[in-house]
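Undergrad: sequence first, then the predicted structure, then my questions.
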Amino acid sequence: MADVFEVLKQDHDELKAMLAKLEQGPTASRGATPEQLTERKRLAQDIIISASKHEVAEEQHFWPAVRELGPEGDRIADEAIGQEKDAERMLAEWDRLDPGDDRFETLLTGYASDARAHIAFEEGHAWPLLRGAISTDRMNLLGDKIVRAKQMAPTRPHPNVPPQPGVLKTAGPVAAAADRIRDSVTGRGRKS
């Protein structure tokens, strides 16, 4: 059983590794082959899927736990959720682009910078606050809830869905089912 910080750290590390790989890869403007561009799109989709699931799970379970810690928890959660909603809008646009589009690389650069800043904010502000206030059992319970929530979460960003846990727990499964059907039909997220 992994605690909440281990679960989130693994997600953060995986996202940073995927972003680094995509940033280092050949781009259309630097003569990438069609196969390399296809791989760039697949990797971008993997990032979008992973980030979408992660953020929904956090909004359902992690941020409410942070909010329980009073005004400072509310302030940190509000700032972090604002960052996440901005990222969702960026990811939704990025998801519609092909790697040959100049905007694809611009959004990658912006998202990568914002994602790293968000991770640093979360790990530097929310984690210490929550870690100092909850028991090991609660850390483990939150970790389990986040793992389960990610299994049922949407695979695409839905920036217009309010980040309230109740709304996400109700609308999330419907959006997730629709996303999975679309993914199945299009092959999105399927490993080669």
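TA: That came in fine, so what should we check first? Everything numeric in this text was worked out from a predicted model, so none of it was measured. Residues are numbered from 1 along each chain as shown.

Undergrad: quick test: name the residue nearest the centre of this protein.
TA: Ala51 (1.9 Å; Cα atoms, centre = their mean).

Undergrad: who's in contact with that one?
TA: Applying Cβ atoms under 8 Å, 6 or more residues apart in numbering, we find Ala51 in contact with 15, 87, 91, 115, 157. Yep, even glycine has a C-beta here, placed from its N, CA and C like the rest.

Undergrad: what strand or helix carries it?
TA: helix 34-57 (DSSP states H and E).

Undergrad: could you point out which element follows that helix?
TA: The first helix or strand that comes after helix 34-57 along the chain, using DSSP H and E, is helix 63-67.

Undergrad: so where's this protein shaky on pLDDT?
TA: 160-192 (pLDDT under 70).

Undergrad: now do 90
TA: Filtered on pLDDT under 90, the chain yields the residue ranges 1, 25, 30, 102, 152-192.

Undergrad: for the residue sitting furthest away from the middle of it, phi and psi?
TA: No residue in the chain sits farther from the centre than Gly31, which is 29.6 Å out by Cα atoms, centre = their mean. Torsion angles at Gly31 (phi, psi; degrees, to the nearest 10) stand at phi 80, psi 30.

Undergrad: now do it against Arg40, distance only.
TA: Per Cβ to Cβ, to the nearest Å, Gly31 is found 13 Å from Arg40.

Undergrad: try Asp46
TA: Taking Cβ to Cβ, one finds Asp46 at 11 Å from Arg40.

Undergrad: neighbour count: those two, which is higher?
TA: Arg40 (23 against 18; other Cβ atoms under 10 Å).

Undergrad: report the secondary structure state of the residue nearest to the more buried one when sequence neighbours are not counted.
TA: Nearest-residue entry for Arg40: Pro99, 4.0 Å, with adjacent residues in sequence omitted and distances by Cβ to Cβ, 6 or more residues apart in numbering. The three-state label given to Pro99 by DSSP: H, G, I helix; E, B strand; the rest coil is coil.

Undergrad: next one: Phe5
TA: Counting by three-state DSSP, the backbone at Phe5 sits in helix.

Undergrad: if I read this right, it contacts Leu129, doesn't it?
TA: No. Using Cβ atoms under 8 Å, Phe5 is not in contact with Leu129, being 12.0 Å away.

Undergrad: how much space is there between Arg67 and His158?
TA: Separation of Arg67 from His158 (Cβ to Cβ): 21 Å.

Undergrad: revised request: answer the last question for Glu68.
TA: Taking Cβ to Cβ as the measure, Glu68 and His158 are separated by 25 Å.

Undergrad: who's more crowded, the two?
TA: Neighbour totals were compared for Glu68 and His158, and His158 leads with 18 against 13 (other Cβ under 10 Å).

Undergrad: right, I'll leave it there.
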